[in-house]
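Have a look at this prediction, sequence included:
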Amino acid sequence: MNMIARLVQRAKEREVLHKLNGYRDIAATINKQDLRAWNDEQLKAESLRLQSEAKAGTPLDKLLTDAYALVCEAAQRTLGMRPFEVQVMAAIALHEGKLVEMQTGEGKTLAAVMPAYLNAITGKGVHVLTFNDYLANRDAEWMGPVYRLLGLSVGAVQSGMSLAEKQQAYSADITYVTAKEAGFDYLRDSIAMTTGDTVHRAFHYVIVDEADSLLLDEARIPLVIADEAATAGQDGTRFADVAKQLHLDEHFIFDEFKRNVFLTEAGSDKVESLLNCGNLYEAHNVHLLTSIHCALHADALLQRDIDYIVRDGRIELIDEYTGRVAENRHLPEGLQAALEAKEGLASKVGGTILGTITLQHLLRLYPTISGMTATAQASADEFDYVYSLQVVRIPPNRPCIRIDHPHQIYTRKEAKLRALVDEIASVHATGRPILIGTSSVQESDILADRLREVGVSYHVLNAKNDSEEAEIIARAGEIGAVTVSTNMAGRGVDIRLGGGDAKQADAVVELGGLYIIGTLVNESVRIDNQLRGRAGRQGDPGASRFFVSLEDDLLLHRSGIDQAIPSSYRKLRQDEPLDKPALRNKIGHVQRVIMGQNFQIRQELNRYSDMVEEQRLILYKDRLAILTGEMPMSPSEQRVRLFYIDKLWAEHLAYVSYIREGIHLESLADLNPIDEFHARIIKAFGRIQAKIEKETSRMLERLSDSNDPSEWERLGLKGPSSTRTYIINDHYTQRLTSLVEVAVLKMVRKVKHAIGHESS
């Protein structure tokens with residue numbers, strides 16, 4: 001680190017220390033308010049006073065100390081828990097719109113109640129966004145008594161709820177809901193034909209739990225609402241059969257990070273022969289070219305039980321960050337169909353996309369965002385750049401005494417696996433609980449099989465049995481427990497030593513606490529830290545160690561670190577670990593480089609989607625004014641205008657998708673693809689309003705101002721009979737686009753070669 005960087009870092013540290021001291025002073029003032037002598041009715045009366053002042057316009061900052069003191073007393077009475085000083089400090093930072101880093105087990109759920117209550121007394125509603133439905137329901141039920149004692153209502157939204165149930169949950173003062181479900185409900189509202197079919201009210205204040213995952217890892221994932229799909233034909237099987245006849249190195253190659261696959265010249269010839277299509281790179285064969293690349297990508301790069309599982313006759317994708325089934329997630333349409341064809345499953349066409357929004361854009365709709373997580377500091381710059389969120393690291397209530405051992409690095413996977421099994425078996429023999437974090441379903445199954453062979457009993461938690469997640473993770477701290485888990489499983493679930501039994505907990509403490517084992521390092525340091533953080537909660541003892549192989553695909557081969565390792569190490573076939581600190585430092589460096597690369601990829605994708613989101617907001621503002629009656633008109637004109645706004649926006653999204661697929665080819669003409677993309681969609685969007693007016697006028701003439709719903713139905717003025725919501729793995733779109741670009745470059749080279757041959 002150079003001198004300027006060190007000075008900047010020290011300045012930031014001084015600023016944070018100053019801020020923490022300020023929070024500590026406010027927390028001391030709050031804790032001095034002794035409300036134990038008040039009865040419940042007095043607490044409610046004080047809460048009503050605060051609500052009246054907030055609704056009358058008194059700044060919430062002036063009400064904070066009184067409000068937080070109320071919550072602390074209510075929590076003590078209803079839950080038997082009084083917030084620690086550090087929890088109150090975190091609560092103050094959350095109200096200020098900060099991103100709070102609190103270690104696992106430090107009580108984020110209770111800390112969030114204070115700012116949620118304070119911001120809810122305005123009557124405008126507060127959302128607490130959680131990682132999954134289980135946590136939304138658990139936290140609402142767990143913290144509900146605190147809110148209700150103070151006269152506020154609390155609700156929990158669950159996927160699959162009826163319209164009426166969701167309306168009730170969202171109308172509560174505080175609503176716990178997953179980020180994805182809140183987004184899907186927003187999309188459903190965006191195509192509603194009456195206000196009675198909507199569930200959201202205006203967004204106000206949000207607390208994002210597990211913020212690093214939702215604000216960064218999943219922020220770019222588009223949420224989609226579409227009309228129902230129909231079963232597709234068997235065309236995908238044809239391309240899947242061709243892909244299976246192509247061989248690595250001879251017919252196709254990977255890029256250096258093994259993220260993309262490319263046809264060689266021999267591969268192109270082979271495909272042309274098998275498809276009998278002539279020159280694969282001619283313009284009329286663009287569909288064949290795209291389809292064969294999707295089929296090859298699905299066959300060569302997407303691995304069953306690593307990238308996806310097949311369950312109940314359908315593809316279920318595995319989240320690359322969590323190792324769990326990513327519920328309701330799809331690949332881009334062509335790649336999804338190719339993967340289904342690879343597995344011999346019936347494919348469905350996607351249907352018309354009616355609306356889409358990313359979590360990042362959804363969260364920007366809230367006037368005030370705050371968040372909390374155990375791992376934020378490593379990505380502090382990105383949080384600031386994307387959301388203007390400052391990270392505040394809250395000190396633990398008790399010092400962390402967990403021992404984080406250096407990585408154990410082996411030359412080959414088999415040696416690492418043997419060392420893993422030996423380590424687990426020897427530690428398990430003492431009774432010490434062990435939590436093992438793996439990278440995939442396949443890896444967790446392989447390790448489980450080896451443990452079974454040596455007589456170690458265990459629980460496996462992976463994408464195949466995620467419904468049992470909370471129970472398995474909660475028991476991971478019991479004596480003798482061995483839990484084999486995919487990464488970040490059980491996030492949001494506390495692991496208590498001894499499973500919560502005090503006598504067992506004392507015995508586990510004597511054994512050294514929970515022992516965390518990582519079977520490899522991840523692309524993101526944050527995910528490694530999430531795994532480490534499962535041990536050492538609230539001053540408990542614990543330890544962590546990561547086992548790494550120079551043959552690990554996830555990080556080492558994809559990043560090219562093997563080229564930085566002396567050939568003498570790469571050739572070793574030893575069973576002992578490599579005791580080389582410089583090698584461990586290199587691995588950490590590579591992780592930071594990859595995190596930077598992923599940040600750049602996210603920013604590149606944002607430059608395409610931000611303009612579309614701006615256009616959506618313009619149109620949605622007009623639509624909302626029509627829906628709510630702010631723009632007077634007859635019922636028939638309201639229905640017609642809403643119908644054509646939705647119809648033309650869906651057509652615009654289809655056009656945007658079409659342009660996006662091939663826009664990188666503009667670089668071949670020395671044009672900037674992003675500038676060209678923006679120019680085209682701005683021009684197209686500029687024509688929408690005139691089209692709405694034209695189509696509305698025509699239809700109103702046909703209707704003759706009829707307000708008869710049956711007449712609307714006859715003329716087709718209705719929303720889709722049924723819709724479905726799903727999520728697209730957006731990063732694959734970027735990869736497939738680059739494949740097409742490379743293919744066209746090949747086409748250009750072939751044409752030039754042919755011209756040169758004819759000239760000679």
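Looks like it came in fine.

which stretches of the stretch 401-550 of the chain form helices?
Under the criterion DSSP state H, counting those that start in this stretch, the stretch 401-550 of the chain carries helices at the ranges 413-428, 441-453, 469-474, 502-511, 525-532.

Those: which one's closest to E613?
helix 525-532 (25.9 Å; C-beta to C-beta). Every C-beta, even on glycine, is put in place using the N, C-alpha and C of the backbone.

who does that closest one touch, helix- and strand-wise?
If you count contacts as 3 or more C-beta pairs under 8 Å, 6 or more residues apart in numbering; DSSP states H and E, helix 525-532 packs onto strand 514-518, strand 542-549, helix 581-627.

now the angle from it to helix 581-627?
100 degrees (axes from the mean of the first three to the mean of the last three C-alpha atoms, to 10 degrees).

how many neighbours does the residue nearest to G107 when sequence neighbours are not counted have?
Spatial nearest neighbour of G107, excluding adjacent residues (C-beta to C-beta, 6 or more residues apart in numbering): Q87 at 5.1 Å. Neighbour count of Q87, defined by other C-beta atoms under 10 Å: 25.

right, and Q87 touches Q103 too?
No - the criterion here is C-beta atoms under 8 Å, and Q87 misses it with Q103 at 11.9 Å.

if we can go back for a sec, quick check: which of the helices of the stretch 401-550 of the chain has the most neighbours on average?
helix 525-532 (a mean of 23; mean count of other C-beta atoms under 10 Å).

okay, that one in CSV with CA atoms only?
Below are the C-alpha coordinates for helix 525-532, written out as CSV (Å, rounded to 0.1, in the frame of the first residue of the first chain):
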residue,chain,number,x,y,z
VAL,A,525,-13.5,-13.1,0.2
ARG,A,526,-16.9,-12.2,1.6
ILE,A,527,-18.1,-15.7,1.2
ASP,A,528,-15.1,-17.2,2.9
ASN,A,529,-15.7,-14.7,5.8
GLN,A,530,-19.4,-15.7,6.0
LEU,A,531,-18.3,-19.3,6.5
ARG,A,532,-15.7,-18.4,9.1
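
what's the offset of it from the middle of its chain?
16 Å (C-alpha atoms, centre = their mean, to the nearest Å).

Report the angle between it and strand 542-549.
130 degrees.

quick one, helix 525-532 and strand 514-518 angle?
150 degrees.

Residues touching helix 525-532, excluding its own?
Defining contact as C-beta atoms under 8 Å, 6 or more residues apart in numbering, one finds that helix 525-532 is touched by 212, 321, 374-376, 378-379, 402, 404, 435, 437, 487-488, 491, 516, 518, 521-522, 544, 546, 588, 591-592, 595.

Go again with 7 Å.
Here helix 525-532 makes contact (C-beta atoms under 7 Å, 6 or more residues apart in numbering) with 212, 321, 374-375, 378-379, 404, 437, 487-488, 516, 518, 521-522, 544, 546, 591, 595.

any idea how far T237 lies from K62?
T237 sits 67 Å away from K62, going by C-beta to C-beta, to the nearest Å.

Could you do I394 as well?
23 Å.

Please enumerate the helices of the stretch 601-750 of the chain.
Using DSSP H, counting those that start in this stretch, helices in the stretch 601-750 of the chain cover 635-662, 673-686, 688-703, 709-714, 731-759.

domain ranges for the chain?
10-219+361-393, 235-350, 407-583, 603-723 (automatic domain parsing).

Out of those, which is closest to E228?
domain 603-723 (4.8 Å).

avg pLDDT for the closest one?
On average, the pLDDT along domain 603-723 is 88.

Likewise for stretch 210-225?
87.

E101 contacts A376, doesn't it?
Yes - counting by C-beta atoms under 7 Å, E101 does reach A376; the two are 4.2 Å apart.

measure G57 to T122 for me?
For G57 relative to T122 (C-beta to C-beta), the value is 10 Å.

Specify which residue of these two has the higher count of neighbours.
T122 (18 against 7).

Quickly find the element holding the nearest residue to that one once chain neighbours are set aside.
Ranked by C-beta to C-beta, 6+ apart and with sequence neighbours excluded, the top spatial neighbour of T122 is A54, at 4.8 Å. Under the criterion of DSSP states H and E, A54 resides in helix 40-55.

Same question for that helix: list its buried residues.
Residues of helix 40-55 classed as buried: 43-44, 46-47, 50-51, 53-54 (neighbour count, 16 or more other C-beta atoms under 10 Å).

ok, back up a step: wait, a helix at the residue nearest to G107?
Yes - using DSSP: H, G, I helix; E, B strand; the rest coil, the assignment for Q87 is a helix.

Distance-wise, check S710 relative to D646.
With C-beta to C-beta as the criterion, S710 and D646 are 20 Å apart.

Same drill for these two, tell me which one is more crowded.
Applying other C-beta under 10 Å to S710 and D646 shows that D646 carries more neighbours, namely 20 against 8.

can I assume the more buried one is in contact with A192?
No - applying C-beta under 7 Å, one finds D646 not in contact with A192, separated by 9.9 Å.

Can you pull the poorly scored residue ranges out of the stretch 401-550 of the chain?
462-468, 487-491 (pLDDT under 70).

can you do 80?
Scanning the stretch 401-550 of the chain with the threshold set as pLDDT under 80 gives 440-441, 462-471, 486-493.

got a list of what the residue minimising distance to the centre of the chain touches?
Nearest residue to the geometric centre of the chain (C-alpha atoms, centre = their mean): E218, 2.2 Å. Each residue near E218 by C-beta under 7 Å, 6+ apart is listed here: L359.

Help me confirm that A226 is found in a strand?
Yes - residue state for A226 (three-state DSSP) corresponds to a strand.
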